[in-house]
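Colleague: Below is the sequence, then the predicted model.
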Amino acid sequence: MTPTISPAPGVRLADRYELVSLIATGGMAQVWQATDTVLGRPVAAKILHPHLATDRGFLVRFRREAVAAARLSHPGIVSIYDTVTQPGLEVIVMELVDGQTLRGQLDSQGVMSVAQAVDLGMQVADALSNAHAAGIVHRDIKPSNILMCRDDRIMVTDFGIAKAGEDTDLTVTGTLLGTAKYLSPEQVRGDASDPRSDLYALGIVLYEVLTGRPPFKADTDAATALARLQKPAPRIRHINPELPQAFDDLIARLMSREPADRPDRASDVRVALSGMRFEPVATAAHDQTMVVADPVYIPPTMEDDDEDHEVEMDDFIRSERSWMVPALALVLVATALIVVGALFSGNGLADSVLDRSDDAPDNNASPEQPDDTVSLTPVDVIVDPTLAGATAIDPEGDGEERNDTAAFAIDGNEDTYWRTERYRSADFGNLKSGVGLVINLGGSARVNGVMLDTRSEGWSVEIYIGDDFGGVPGTWGDPAAAGRDLRDTANFDIDEVVGSQMLIWVTNPGTSDDADDNGEPDNRFELTAVQVS
C-alpha cells in the first residue's frame, strides 16, 4: 500500500510543487505557499482536509468545479493552474499574489470611505460579470474570498469551488463553517442559486465595509441566516446618515429578499457604480460627497471566449485566511423552522445516440430457383458517411465545449470553425484528458479515412468510431486513429471501422492562429472542416 503523504515544508507534490510554508488553515483546506519547480514561480497550494480527500462523491464535484473555474481568465479572478491527486491528498494549485483578504483589512483598518467602497464594488462586480458569462456562480462571496492586492487590484478567489460542497455536511457542533452572514434568502431556503445570489452577497459586503457590521447578526449562524427571511435589512443611512442616498438605494436593491427585485446582471451593478463620482467638501463633518452623474459604461474585460485576454500577473496574491465553504451547508438545530435540502447540480451530457440500421433484404435463394441463380448471404446495410450533425462534449468538465459553434466544423464553409475554450496550458493543466466533438454519420457507416482541416498547430487528437460516446474517457475502446503535434490539415487512414458516430477527441488543443493583445499564445483548438470517406 502506498503511504499517505503528510503536508510539510520540503514535501514535493506531483514531483513539481514543493511546499514552503503553511499560510492558513480553513474549514476545508490548508493553504500552503509552494514553489512550482518547473516554471520557477511561487504558487498557492490548497490541500483538502483528509476527511474530504477521501470522500469520493465530494472529489467528483470538487474536480468538476475546479475544471470549470480554471477556464476563467480575468485580472480580478485568482487563476487556477493545476490539480494534484496523491495518496491521501487532493490539491488545487492556484495563483499566489502579495496582499491580504478584505476580512483582514477590515479587522485591522476598519470601515472604508465611500470612494473606496465604490471601487471595491466595481472591481468585484466586473469579476462576477466575467464568471457569470461563463456560467459560473460563486455562491460564497464574502470578505475572506476577496483579496486586496498591493497594486490596488481587487481579486475574487474560489470561483466555482463552493458548488462542490453543496451536498457535504460541513457543520461542527451545530454551527456553520460557512459564513451565514452573506447567504442570500434563496440559499437559506434551499432554493437554486443564480447570479443574483452573488449580487445579494456583494450588497452585504458593501454594507459591511461602509458601516462596520453586517446587516443581520444573531446569536447563532442559523438564526443569522433565518433573520433575512423575516425582515428587510436596515438601510445603511439609518446607521450612518452621512452616507450618500444613491449608494444606499443601490445596496438596498442588491439586498432585496426576492431575486427578481435585484439587478439582473453584475455588469448592471458595475455601470451603476461607475456613474457615481466624488468631490471634496470643505466641512469638518464630511471629507467627501457623492454626485450622481450619467452612468459611464465600462466595457467588460472579457465579453466571451472569443475576446478574452491572458493578463500577465506580475505579483502573486497570498490566499485568504479561511478557505471557502459551501454556502448551502445549512443544517438547523432541533427547533429550526426550515430544513435546507442540499442541491445536486449535475452537468448532463446531451448524448447523441443514433439508431443502428440492422435491417437487411431477404436475399436468400428459393429452393425452386433455377440452378444458375446466385444465392446471396444476408448483410448489414452500410451507408456512405454523411456528416449529419455535431455535438461538442466535455465529459470531465462542465459537459459542453462551445457546443454553440460545433456545427461550424461540418458546414462546408472554410470561414467558420468550431473552437474550443481557452486553456492556460496545452495539456489542459492536468485537469482533464481532453475535450471532443461527436459527429453523427447519418446511420451505420463504414469509415476508411478522416481529414481534419484546422487553424491550429501543435495539436494532438484521437479518433474513435462507434455508436455511443456518452461515457467518459476509457469507456470508448481503442482509437481508430491518432496523431500528435500536428498542424493545419491532417489526414488519417482508418481500416474500414463501422459505426454511426465519430468522436474527435482533442488531447492537446495546441495554439491557434490568434494571439491575445499581449502576444501570448492562444491555447485553443480551431477546427475548420471535417471530411469522412
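Modeller: Perfect, I can see it now.
Colleague: Pull out the buried positions in the helix or strand residue 118 falls within.
Modeller: Under the criterion of DSSP states H and E, residue 118 resides in helix 114-133. In terms of neighbour count (16 or more other C-beta atoms under 10 Å), helix 114-133 has its buried residues at 114, 117-118, 120-133. All C-beta spots, glycine's among them, are computed from the backbone N, C-alpha and C.
Colleague: for the stretch 101-250 of the chain, what spans make up the strands?
Modeller: 146-149, 154-156, 171-172, 175-176 (DSSP state E, counting those that start in this stretch).
Colleague: What pairs with the first one, parallel or antiparallel?
Modeller: Paired with strand 146-149 in the same sheet, following DSSP bridges, are strand 99-101 (antiparallel), strand 154-156 (antiparallel).
Colleague: got the CA positions of that strand in PDB?
Modeller: Output of strand 146-149 as PDB, limited to C-alpha atoms (Å, rounded to 0.1, in the frame of the first residue of the first chain):
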ATOM      1  CA  ILE A 146     -12.000  39.000  -1.700                       C
ATOM      2  CA  LEU A 147      -8.300  39.800  -1.900                       C
ATOM      3  CA  MET A 148      -6.800  43.300  -1.600                       C
ATOM      4  CA  CYS A 149      -3.600  43.400  -3.700                       C
END
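Colleague: So what's the gap between it and the chain middle?
Modeller: Chain-centre distance of strand 146-149: 20 Å, with C-alpha atoms, centre = their mean, to the nearest Å.
Colleague: got it, and the second one?
Modeller: Once both centres are worked out by C-alpha atoms, centre = their mean, strand 154-156 turns out to sit 16 Å from its chain's centre.
Colleague: Show me what it is in contact with.
Modeller: Contacts of strand 154-156 with the rest of the structure, by C-beta atoms under 8 Å, 6 or more residues apart in numbering, involve 75-78, 97, 99, 102, 119-120, 123-124, 127-128, 131, 138, 141, 145-149, 317.
Colleague: Run through the residues that contact the nearest residue to residue 525 once chain neighbours are set aside.
Modeller: Spatial nearest neighbour of residue 525, excluding adjacent residues (C-beta to C-beta, 6 or more residues apart in numbering): residue 509 at 3.9 Å. For residue 509, the contact set (C-beta under 8 Å, 6+ apart) comprises 420, 423, 426, 428, 435, 456, 459, 523-525.
Colleague: do that again at 10 Å, thanks
Modeller: 419-423, 425-428, 434-435, 456, 458-461, 522-526 (C-beta atoms under 10 Å, 6 or more residues apart in numbering).
Colleague: just flag whichever of the strands paired with strand 146-149 has the lowest average confidence.
Modeller: Per-stretch mean pLDDT for the strands paired with strand 146-149 is lowest at strand 99-101 (a mean of 90).
Colleague: May I ask you to name the longest strand in this structure?
Modeller: Secondary structure assigned by DSSP state E gives strand 435-466 as the longest strand of the chain.
Colleague: pLDDT on that one, on average?
Modeller: On average, strand 435-466 scores 89.
Colleague: Can you mark which positions in that strand are buried?
Modeller: 435-447, 450, 452-456, 458-466.
Colleague: Check stretch 95-111 too.
Modeller: So stretch 95-111, judged by 16+ other C-beta under 10 Å, has buried residues 95-97, 99-106.
Colleague: from these, which has minimum pLDDT?
Modeller: Per-residue pLDDT puts residue 97 lowest of the buried residues of stretch 95-111, at 81.
Colleague: Give the bridge partners for it, please.
Modeller: residue 317.
Colleague: how far away is it from residue 150?
Modeller: 8 Å (C-beta to C-beta, to the nearest Å).
Colleague: And for residue 421?
Modeller: The separation that residue 421 has from residue 150, given C-beta to C-beta, amounts to 31 Å.
Colleague: which of those two has more neighbours?
Modeller: Applying other C-beta atoms under 10 Å to residue 421 and residue 150 shows that residue 421 carries more neighbours, namely 22 against 11.
Colleague: Report pLDDT for that one.
Modeller: 82.
Colleague: That one: what secondary structure?
Modeller: coil (DSSP: H, G, I helix; E, B strand; the rest coil).
Colleague: Would you agree it is in contact with residue 404?
Modeller: No. Applying C-beta atoms under 10 Å, one finds residue 421 not in contact with residue 404, separated by 11.5 Å.
Colleague: Between those two, which contacts overlap?
Modeller: By C-beta under 10 Å, 6+ apart, the residues touching both residue 421 and residue 404 are residue 392.
Colleague: In contact with the nearest residue in space to residue 212 that is not next to it in sequence, which residues?
Modeller: Distances taken as C-beta to C-beta, 6+ apart place residue 111 nearest to residue 212, at 4.7 Å, with adjacent residues excluded. Residues near residue 111 by C-beta under 10 Å, 6+ apart: 117, 208-213, 240.
Colleague: Of the residues you listed, which is the most crowded?
Modeller: residue 210 (25 neighbours).
Colleague: Pretty sure that residue sits against residue 240.
Modeller: Yes. Here residue 210 reaches residue 240: they are 7.0 Å apart, a contact under C-beta under 10 Å.
Colleague: Between the two, which contacts overlap?
Modeller: Shared contacts of residue 210 and residue 240, counting by C-beta under 10 Å, 6+ apart, come down to 111, 114, 248.
Colleague: From residue 126, how far out is the closest residue to residue 239 other than its chain neighbours?
Modeller: Leaving aside its sequence neighbours, residue 239 sits nearest to residue 211 (C-beta to C-beta, 6+ apart; 4.7 Å). Applying C-beta to C-beta, the value for residue 211 to residue 126 is 24 Å.
Colleague: Repeat that for residue 204.
Modeller: The separation that residue 204 has from residue 126, given C-beta to C-beta, amounts to 18 Å.
Colleague: circling back: rebuild the shared contacts of residue 210 and residue 240 as JSON lines, extending it with distance to residue 498 and pLDDT.
Modeller: Below are these laid out as JSON lines (distance: C-beta to C-beta, whole Å; pLDDT from 0 to 100):
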{"residue": "111", "distance to residue 498": "70", "pLDDT": "93"}
{"residue": "114", "distance to residue 498": "70", "pLDDT": "91"}
{"residue": "248", "distance to residue 498": "69", "pLDDT": "91"}
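Colleague: Fine by me, we can end here.
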